[in-house]
Every structure is written in structure tokens, then in C-alpha cells.
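Novice: Just to be clear, the model below is a prediction. Sequence and coordinates:
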Protein chains: 2
Amino acid sequence: MLFKEITILNKDYNIEENMYVGVEGDTITYIGKECPEKDFGEEYSGRNRLLMPGFYNAHAHSPMALMRGYGENLALQDWLNTRIFPFEDKLSSNAVYWGTLLCMAESLRFGIVSSSDMYYFIPDMVRAVADSGAKANISRSVVNPAGLPFAQLPSVQETEEAIRCYHGYAGGRIQIDTSIHAEYTTNEETVRGLADLTREKGLIMHVHVSETRLEHEECKTRHDGLTPVQYFARCGLFDSPAVAAHCVWCDDRDLEILKEKNVTVAANPVSNMKLASGISNTAKMIEMGINVAIGTDSVSSNNSLNFLEELKIFALLAKVRNQDPTQITPQEALKAATAAGAAAQGRKDCGVLQEGNKADLIVLRTDVPNMHPVHDLLNNIVYSAAGSDIVMTMADGKVLYRDGEYTTIDIEKTIYEAEAATEAILKQL
Amino acid sequence: MLFKEITILNKDYNIEENMYVGVEGDTITYIGKECPEKDFGEEYSGRNRLLMPGFYNAHAHSPMALMRGYGENLALQDWLNTRIFPFEDKLSSNAVYWGTLLCMAESLRFGIVSSSDMYYFIPDMVRAVADSGAKANISRSVVNPAGLPFAQLPSVQETEEAIRCYHGYAGGRIQIDTSIHAEYTTNEETVRGLADLTREKGLIMHVHVSETRLEHEECKTRHDGLTPVQYFARCGLFDSPAVAAHCVWCDDRDLEILKEKNVTVAANPVSNMKLASGISNTAKMIEMGINVAIGTDSVSSNNSLNFLEELKIFALLAKVRNQDPTQITPQEALKAATAAGAAAQGRKDCGVLQEGNKADLIVLRTDVPNMHPVHDLLNNIVYSAAGSDIVMTMADGKVLYRDGEYTTIDIEKTIYEAEAATEAILKQL
């Protein structure tokens, strides 16, 4: 495909107009001001359109889309104990497949090309993501409620099987990460065991860190005053590339460790607001040079995957948190939504619009009143664009969503099956 | 028009399915479970559609749409002094007309049927709103930087002329409110003078109150320890129906006064975040029984009019502010976005879907992945719906926006003229 005379968000997060961008196979092979002579197949008119990298969702639990709006306005423990845990207890392969596919449909609609996705029923998640054409770094979250030895943990065995079967699956679109669910759901032997496995296999670790004040404080009580970051660091969990989700209550020493260990922080602004967990200090993290990416968390605590909305709230929250309207520039927000998330997934040739990179692209329409006037298009992308103004989403050079239609997903059937699977679970409760 | 077999948000903020809603002239004349025998003209299929009241934007400065994204990431005083004030100084009738019309186009796209709109160049604002088919309570904000006597103030004279010419204009779609800009831009004689005028004429007062901590604290220094609310109350400003915009820094005594005087609080969650002003305690206000409505503030500090986004952030902010995920129910959020705003505008027959009320309606499509599954449609409207999933906006029974098209606005020309007017101003700076 050749995008003709289109406005682009370039690799330096600046806007360039009237550009030509050529895609061959799964790769961007041409970016320039001149129309290339080569035949790239379909020509796409760039009139009133902006081309930019797709979004990388740095923290997700896709199958939980089935619990969208289930048990709202409850305190956290009520919500978990009376709604989420009983519902999850009845999940099936079929439900997880359709829940994940629904989530991929929503992701593509809102420009998300790849997600760091932590949950269970890994084979069903893999199948749905693979079918959708999207990408994901999928992890089986390891928990150890019964205090079993590491080698006997079912979640570890499932992790090992996922690595064997699916790491690099679907032409590399699927990667398998490891995951410690959290400090409070595991013990030190489990954390050290998975840290070793992760390092041996050369994988990426995905872990919940200091989401709530309670979690943060109780960890200190249990582990000689160490915060979750400090405890995990001591266990060697950050000796592999890692994504630490939330980091709402991290202290200054924690941030120094995250920086030193090159850990990505996946900020989840909407979920942290909705569950009243708190507001992470993303502006400070970015200033320190920490790789800060953006996650939606699950749909059941968001309750959407509208990434442009998430991006806007990410920037707004930093300003009001620190009472400083200059914090988080549009460039910083856009980088967090794209390149920072791709880096967190170890996808080195993704997240930036440049020749040789994978063609993970979105097209935003600009012929709408909310995108005018244009004093600075970067500001308009971050603060004024609406989620459903994304008119095309492409991953690895393949158009997956365009003008409201999906090329890989039967959306009516997916909605129907996701509703039916949800109904079937609710009947068992 | 007859909406057939459609899901509705009823007057009690509950969902009813398979309903029939008939509109004749500017009024809803039928709501029922049975298909009426009467001919209502066009029949609209309700399949995969939700019908609900349009949104009432309780605080806006529409012409400032021309400054969307102009001077971002600046501290408040820098932004005002180096960008907003110099730009405003060059505004013309032509610019204000096209800026307001652009704003109306965006409003209609995002389901806003009526705005409480404070600015100047009132005749041009009136003309644009009237042309668009939308509604507005428009006020000329009274300021008195030079300390002139009340009767000599140009802004007062313009207010009086607006009342004479435009109060009840365009079949009542346009109402004229009065407006004190703020405590710090006026003096006591001005406030008392406009309070008297407002009471005599039986109008509604629209005023900025305690938006920033600085404004709040300096007022106390100037007025014997009185906060803006307390000072305005002493001046009789709240002896007329009133809309107090922001109220971020109000103390407990202030909230008691607002409740006692039946003042509407127009919360502006996005603008308050973007300018780093703070987070108002809307949950407490609602609990006290204060009429809390939602405003976008101007596009230059938002930077959009995506009211579903504003509504979601309104609810989210209350939760994280008070560390309580149970605060602000979906019903409370929806009421703030509709009936509370209509009440603030003195539009007694608006804001609620019931027979005899004005047909100010929006239709939301629900056949999109982000609206499924449906555990509770109210939750999905507040937290999962995307702004541009609104497929119809109707005011006073007239369809103004439908499936991306406007019936009253030439959107290409409006974008062109708004851009041209902006360019012309920038050239003078």
C-alpha cells in the first residue's frame, strides 16, 4: 500500500505534511516527500488524514472484557470478592476466546495494535489474538495462594508450556512473557524461581507493582520494610527486561531502582482513577528517564479501550497531580502510547514510523470540527481527537480495521458469542 | 418522527427496551411500550440504538474554539498573557461567528444540544447558535479592570442590549443570562449592580468561582476573609438563580451557601485538570443536594467538546479524589450531564425524556464492541461509549446532526472560515 500526500507523525514526534509512505509485506519500506516510482499496490489518499504509529497497550487483561460494567460502584474488595472472582471461577476456553476476540475488535477500533496481556487460559487468548491479526505479549500470571513449591505450581507449568508452544507464534506477532501476579499473591521462592526462569529463557517479566496503598504498605510489613519494587529487585525479578504495571505508590528510591534496572512503568490512569487507587507520578518518572508506557488495564476497570481517551487522561492527570500545567508534553504522551510500549514488548522494530520498521499503523481522520483549527496538530491529536476518528488500523502491513469494518473479525458473531458466553457464566452464579 | 422499538434512558435514569417515542413539532408527545396509531412522520428503527436526552453544557466560551491547542504546556499566567489575551484582542465579529459555529458543529457531533456560554461579541454568538439550530444561554461577561462606575461599563451596556434584542430569541432557543466574570476582575459596586439588574429582570447569573487556589485565597485577603462564594452571597449575587463555574477550592461553608441559595455548580473536570487548577469535590456537593452540572469550559483549555469523555472523567475524578470507588453513580453522572444542566439554564421542560418535554435528544449506536457485553447499559453509557458513537442529535424536534452529516451547518465551509479567521488574527500578532 502507498499512502499518498498524507500528514505523518514522524520518528521525532513532529508533524510532516504531504508525505509518501510505502508498505511492502509487513514492513514500511519508503517514507519520503517524493512519490516513489515503485508500485506499492493500493494507493491511499492522504487528504484530511494523519498517519501515525499504532498504539501499544502496555497492560491488559483481555478476557476480562466479558466483565465490562459488571459490579460497578463497589469498593475494591467487594468488587473482587462478590463479582470478579466468582465470575472468573466459571470461565471456560470458549468464553476466554470470545472475550479476547471482542477485546481485539475493540482494540483495533481504537488503534491498539499490540497488548501486553496478563491472564490465564493462554492457548485461548493466543488463538483469539492470532485470529484477529493483532499482536500481543501474553503472560500467564503466576500466583501461589497455597504456598506450593515453585516446580509444582500449575501457573508455572502453564507458563512453560506457553513458552514452548507460542513464543514467536503467528510470525512473531505472539510473544510469551512471564508474569508474577503480585507480591501479595506469591511468596519469595515463587518470585525467585520465576525470575530465574525468565532470565534463563531471555524473556520479559510483567508484574503488578504498588497499585494500591494497602499493597504497598503491607509489603513493607512483610519484607523488612522493603517496598514491592525493592523486594522484587532483591529477588532478581528486574534482572530481566520488565514491565511494572501501576507503580502508583512508588517512593523516590523505587523510582531510582526502576530507572537503574531499565524497567518499563505501565501507567494505567483510567483504571487507577476508577478503582480509586491513586495517581502515579508519571511526569517525574519521565523526567528521570524511566521508560513510561500506557496501559488500559482490564476493560472491567476502565471500561473501554479508547486509547486516545487514555492518552489524554494520562497527560491531564500528571498536570493536576503536581499542580503544574507544563508537565507531560504532547510528544511525551505520544511516545508513551507508541514507542515506549513497543520497547516494553521487546519489539525493537515497532512503535516508530521509520523505514525498515514493521507497518503497525493507524490513520486518523482530521476533517472533523474537533480537529480544527490547527495551531499545532500534536496538541490536537493528544487533546482533541476522538477515539472513533481512527479510520484504519494496520498491523504487520495488514489492514485489520477500516472505516468501521473488520477484515479478520466477524464483529456481529463476536458480539453475539461474547454475550452468550457471558450469559452462560452468569447462569451458573 | 417516531423512534420504534428503541432502548431509552427514562426519566428515572433507568433503561427501558423496545420503546416507542413520538416527536411532533418541538415536543416529545408519546413515550410507550405500544406502537401508537397516530402518524408521526418518519419512522426511525431503534435496532442497536439508544435514545437519551441531549447533553447540556453548563459552562462554555464557544468562540475560544479558535484557540484550540494555541499555546499548550504553559503555566496559566504565561498562557493567558502571551497567547489568549493578545489573540482575543484581535477578535472580530467574523471570527467570533465562525468560531462559534465551529463550536456548535463540534457540540452537535458530541451530543450537546445547549450551552451556558459566557463571552463577548454577543450578537455574533447569537447569530451562529441560531443558525446552527442549537440552544444556548448566552452571557456577556462583565469586567471592570479600570474601576468605572457600573452604569458606564461597556460590558453592562452590552448585557442590557443583549437582553433587549435576544432574550427568548429564535423561538426561545436563545436565552440571555447575566455574568460577573469573576471576583478578581470586578469590584463590589459592579457585583452589586449586576446582582440588582439580574434580580429585576428575572435572569440567571453565570459566574466564575474559586477556579484556582490563588483566586480563592486573594479574595479572602481583599474581602475580610470572605471566600468568593461568601463575598458574592453578601453582594446578593445568589439571590437570583445562578451558575457558579468551577468551585474547585470551595470550603464547607461555601458549599452550604451554594446549597441554601440553590446555586448550580458547573464542574469542569477536564479544564481543571489541564490548567492544573485542582479537583472539585463534586461527590460531596451531590450528596448535599447541590445541583451539579457539567461544563467543558472553553475548547482552548479542554481541548474538545467530547461530552461522553467529560462525563466519564467527571465520575472518575470524584472516585480518585476521595479515594472511594463508590462515589458518583452512573445515574448521578448522567443527571449532571442532562437534567442538571437544563435546570441551570432555566429550561424546565428540557433535559429529561418525558412526554410534554422539548425533543432535545441524542441517539447512541450500541452495535460496537466497546458497548458489549451489556451487564448494565448505564455503566456502558458512562464508561464505555465513545463520543463519536452518537449518530443523531436533535434539538427542539429538529434533526441537526445525523450519521456524520449536518442539516444546518456547511461543515467544510465552517472549518475553512474558522481556519481563515484564525490565520488572519495570527498575522496581526
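Specialist: Yes, it's here. Numbers count the residues shown, from 1 in each chain, chains lettered A, B, ... in the order given.
Novice: what residues does the stretch 51-200 of chain A put near chain B?
Specialist: Counting by Cβ under 8 Å from any Cβ of the partner chain, the residues of the stretch 51-200 of chain A close to chain B are A:65-76, A:79, A:102-103, A:105-106, A:109-110. From N, CA and C alone the C-beta is placed, and that goes for glycine too.
Novice: Among those, which ones are in helices?
Specialist: A:76, A:79, A:102-103, A:105-106, A:109 (DSSP state H).
Novice: Flag the least confident of those.
Specialist: Lowest pLDDT within these is found at residue A:76 (82).
Novice: My read is that that one contacts residue A:212, right?
Specialist: Yes. Under the criterion of Cβ atoms under 8 Å, residue A:76 makes contact with residue A:212 at 7.2 Å.
Novice: Now list whatever residues contact both of the two.
Specialist: A:275, A:277 (Cβ atoms under 8 Å, 6 or more residues apart in numbering or on different chains).
Novice: ok, the two, which is more surrounded?
Specialist: Between residue A:76 and residue A:212, counting by other Cβ atoms under 10 Å in any protein chain shown, residue A:212 is the more crowded of the two (20 against 17).
Novice: which ones are touching that one?
Specialist: Residue A:212 touches A:76, A:248-249, A:275, A:277-278, counting by Cβ under 8 Å, 6+ apart.
Novice: Could you single out the nearest of the residues you listed to chain B?
Specialist: residue A:275 (5.4 Å; Cβ to the nearest Cβ).
Novice: returning to what we had before: just the buried ones from the ones in helices among the residues of the stretch 51-200 of chain A next to chain B?
Specialist: A:76, A:79, A:102-103, A:105-106, A:109 (16 or more other Cβ atoms under 10 Å in any protein chain shown).
Novice: Let me see the contact set for residue A:408.
Specialist: Residue A:408 touches A:131-133, A:400, counting by Cβ under 8 Å, 6+ apart.
Novice: Likewise for residue A:355?
Specialist: A:28-31.
Novice: mind checking how far the lowest-mean-pLDDT helix or strand in chain A is from the chain centre?
Specialist: Sorting the helices and strands of chain A by mean pLDDT, DSSP states H and E puts helix A:76-79 at the bottom, at a mean of 86. In terms of Cα atoms, centre = their mean, to the nearest Å, the centre of helix A:76-79 is found 24 Å from the chain centre.
Novice: before we move on, what about stretch A:386-401?
Specialist: Centroid separation for stretch A:386-401 versus its chain: 16 Å, with Cα atoms, centre = their mean.
Novice: gap between the two ends of that stretch?
Specialist: Length of stretch A:386-401, first residue to last, Cα to Cα, to the nearest Å: 16 Å.
Novice: cool, and stretch A:246-260?
Specialist: 18 Å.
Novice: And the residue of the stretch 1-150 of chain A closest to chain B?
Specialist: Closest point on the stretch 1-150 of chain A to chain B, by Cβ to the nearest Cβ, is residue A:69, at 3.3 Å.
Novice: Phi, psi for that residue please.
Specialist: phi 70, psi 20 (degrees, to the nearest 10).
Novice: residues near it, how many?
Specialist: Residue A:69 has 23 neighbouring residues, counting by other Cβ under 10 Å.
Novice: How many residues are close by residue A:93?
Specialist: Other residues lying near residue A:93 total 12 when counted by other Cβ under 10 Å.
Novice: Chain neighbours aside, what residue packs nearest to it?
Specialist: Once flanking residues are discounted, residue A:93 sits nearest to residue A:124: 4.7 Å by Cβ to Cβ, 6 or more residues apart in numbering or on different chains.
Novice: Between the contacts of residue A:408, which sits nearest residue B:410?
Specialist: residue A:400 (34.4 Å; Cβ to Cβ).
Novice: Past the strand or helix carrying residue A:18, which element shows up next along the chain?
Specialist: Using DSSP states H and E, residue A:18 sits in strand A:15-24. Next helix or strand after strand A:15-24 toward the C-terminus (DSSP H and E): strand A:27-32.
Novice: Does anything pack onto that next one? Which helices or strands?
Specialist: On a contact count with 3 or more Cβ pairs under 8 Å, 6 or more residues apart in numbering or on different chains; DSSP states H and E, strand A:27-32 meets strand A:15-24.
Novice: number of nearby residues for residue A:14?
Specialist: Residue A:14: 11 surrounding residues under other Cβ under 10 Å.
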